[in-house]
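[1] structure of the sequence below:
(2 chains)
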Number of protein chains: 2
Amino acid sequence: MQEEIIKALNTRYATKVFDSSKKISEENIHTILESARLSPSSMGLEMWKFIVINNTEIRAKLREAGYGQTKITDASHLVLISYRTDIIENISKERLERTAKIQNKNISDLEGLKKMIDGSIEQKNKDGSLESWVKMQSYIPLGIMIETASLLGVDNCPMEGFSLDKVDEILELKNKNLKSATMLALGYRGEDPESKRTKVRRDFNDVVEFI
Amino acid sequence: MQEEIIKALNTRYATKVFDSSKKISEENIHTILESARLSPSSMGLEMWKFIVINNTEIRAKLREAGYGQTKITDASHLVLISYRTDIIENISKERLERTAKIQNKNISDLEGLKKMIDGSIEQKNKDGSLESWVKMQSYIPLGIMIETASLLGVDNCPMEGFSLDKVDEILELKNKNLKSATMLALGYRGEDPESKRTKVRRDFNDVVEFI
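    Have a look, this model is predicted:
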């Protein structure tokens, strides 16, 4: 397994050109999304929604909002990771109800958890870090989807280079209490000169320190 | 592989109690850190440093800054993901030098890349999002280390619940142009009632939408 993981991550690269004729199998796309669903989040709040955009007209509009990048239309699958904007109103309540239901408890047994969550959200709301903290959580399932895809031989490219406001508008996210965080293009590489370049990474001893 | 990934992520949970007598093998900890090193980052800037804290005195101090959580001292390994604060001064320059060296190019061939990076950093500096964007990137290798560890049967717990300022102080990060983002405790679960609880996650159709 050690070798498989390192090989998969070494083989992956930020795929710029996808072969639009090659599609990810149902099983593989489900595994990628399921691994995102199982991703941990701060205090288990799961403050995200994964939107898989298959509609070709919407993809074309997103490509415009993404400075014409061909991967937005050519990748087999395009996943937008969005984050919830109704944190204060709903997210703690939902978390407690979900936990009570799944673990067969009364909500009143979860006072400690409720206090911790509400206190943390209140603090972040006060110091102005709430939204960036919520958005930040999106990058955990982003990392997880990248690794899962790579292990399954699915090429991928995380994307930030697009107008988030335009994406929100195209997908009508405001009405759903959501905002765009980042996108992940998934599929199979086409003829891409980038794929032949040597991977650029800092040396191990430059990014890892033992103390 | 599909089944192995889902099983690993289903088996993992936010480990609260570690068995301090069980240590992660050299090969496994190297694989976990190597997968973090191979993690993608926005524009390939790798604006992070992974600090593995083995020193028991420092661990004890961190435990105080982490409200006494036993996992800080008892986990086999404790990895702090920190992010660079010298973005404007150094990060673009380093990225270009690294790329030129590894891909055997002249820096003058990388004008397009330089423009993109500098423009993006300038924009984020102007609109006030630079630091949270840099910090956010840390959560990609966090997700990747969590998945790698889980695939290797290593229990893990991502942590935000500590005073970041105190951690920066204890580890003297300011002098190194670094700030704490998040920590990951790694090791093997001890007698932990939490490990027997049913995993709480939203339903697939509640977090994934196809359009």
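[2] wait, residue A:51 sits on residue A:80?
    Yes - contact criterion C-beta atoms under 8 Å: residue A:51 and residue A:80 qualify, at 4.4 Å. C-beta here means a position set from N, CA and C on the backbone, and glycine is covered the same way.
[3] which residues do the two both contact?
    residue A:171 (C-beta atoms under 8 Å, 6 or more residues apart in numbering or on different chains).
[4] now do the strands in chain A.
    For chain A, the strands defined by DSSP state E occupy A:48-52, A:77-84, A:155-159, A:178-187, A:208-210.
[5] got CSV for the ones you listed, with mean pLDDT too?
    Formatted as CSV, the strands of chain A follow (pLDDT from 0 to 100):
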stretch, mean pLDDT
strand A:48-52, 98
strand A:77-84, 98
strand A:155-159, 97
strand A:178-187, 97
strand A:208-210, 97
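[6] show me where chain A has helices.
    A:2-11, A:26-37, A:56-65, A:71-74, A:92-102, A:111-127, A:130-137, A:139-151, A:164-170, A:204-207 (DSSP state H).
[7] deepest in the core, which of those is it.
    helix A:139-151 (a mean of 26; mean count of other C-beta atoms under 10 Å in any protein chain shown).
[8] does chain B have contacts with that one?
    Yes - with C-beta under 8 Å from any C-beta of the partner chain as the criterion, chain B is reached by helix A:139-151 at A:139-144, A:146-148, A:151.
[9] what's the closest of these to residue B:157?
    residue A:140 (12.9 Å; C-beta to C-beta).
[10] ok, the nearest residue to the closest one once chain neighbours are set aside - contacts?
    Leaving aside its sequence neighbours, residue A:140 sits nearest to residue B:143 (C-beta to C-beta, 6 or more residues apart in numbering or on different chains; 4.1 Å). Residues near residue B:143 by C-beta under 8 Å, 6+ apart: A:39, A:139-144, A:146-147.
[11] which two of these have the greatest separation?
    Maximum distance among the contacts of residue B:143 (C-beta to C-beta): 12.7 Å, for A:139 and A:147.
[12] gap between the residue nearest to residue A:140 and residue A:39?
    Distance, residue B:143 to residue A:39, using C-beta to C-beta, to the nearest Å: 6 Å.
[13] re earlier: wait, which of the residues of helix A:139-151 next to chain B is closest to residue B:63?
    Looking across those and measuring by C-beta to C-beta, the closest to residue B:63 is residue A:140, at 23.8 Å.
[14] check contacts around that closest one.
    A:39-41, B:139, B:142-143, B:146, B:158.
[15] and of these, the nearest to residue B:88?
    residue B:139 (21.8 Å).
[16] for chain A, which residue gets nearest to chain B?
    residue A:143 (2.5 Å; C-beta to the nearest C-beta).
[17] pLDDT score assigned to that residue?
    For residue A:143, the pLDDT comes out at 98.
[18] what about stretch A:1-15, near chain B?
    Yes - counting by C-beta under 8 Å from any C-beta, chain B is contacted by stretch A:1-15 at A:1-2, A:4-6, A:9-10, A:12, A:14.
[19] report back the residue of chain A that's furthest from centre.
    Relative to the centre of chain A, the most outlying C-alpha is that of residue A:108, 32.7 Å out, by C-alpha atoms, centre = their mean.
[20] report the distance from stretch A:179-190 to the chain centre.
    Chain-centre distance of stretch A:179-190: 9 Å, with C-alpha atoms, centre = their mean, to the nearest Å.
[21] endpoints of stretch A:72-85, how far apart?
    Counting by C-alpha to C-alpha, to the nearest Å, you get 25 Å between the two ends of stretch A:72-85.
[22] how distant is it from the center of its chain?
    Using C-alpha atoms, centre = their mean, the offset of stretch A:72-85 from its chain centre is 8 Å.
[23] ok, residue A:122 - contacts?
    Applying C-beta under 8 Å, 6+ apart to residue A:122 gives no contacts.
[24] again with residue A:142
    Contacts of residue A:142 by C-beta under 8 Å, 6+ apart are A:81, A:158, A:181-182, A:184, B:139-140, B:143.
[25] for burial, what's the neighbour tally of the residue lying closest to residue A:191 once chain neighbours are set aside?
    Distance criterion C-beta to C-beta, 6+ apart; nearest residue to residue A:191, sequence neighbours excluded, is residue A:17 at 6.5 Å. Using other C-beta atoms under 10 Å in any protein chain shown, residue A:17 has 18 other residues around it.
[26] my guess is residue A:17 contacts residue A:189, does it?
    Yes - counting by C-beta under 8 Å, residue A:189 is a contact partner of residue A:17 at 6.6 Å.
[27] and for residue A:82, the neighbour number?
    Neighbour tally, residue A:82, other C-beta under 10 Å: 26.
[28] is it true that it touches residue A:180?
    Yes - counting by C-beta under 8 Å, residue A:82 does reach residue A:180; the two are 5.4 Å apart.
[29] joint contacts of the two?
    Common neighbours of residue A:82 and residue A:180 (criterion: C-beta under 8 Å, 6+ apart): A:171, A:173.
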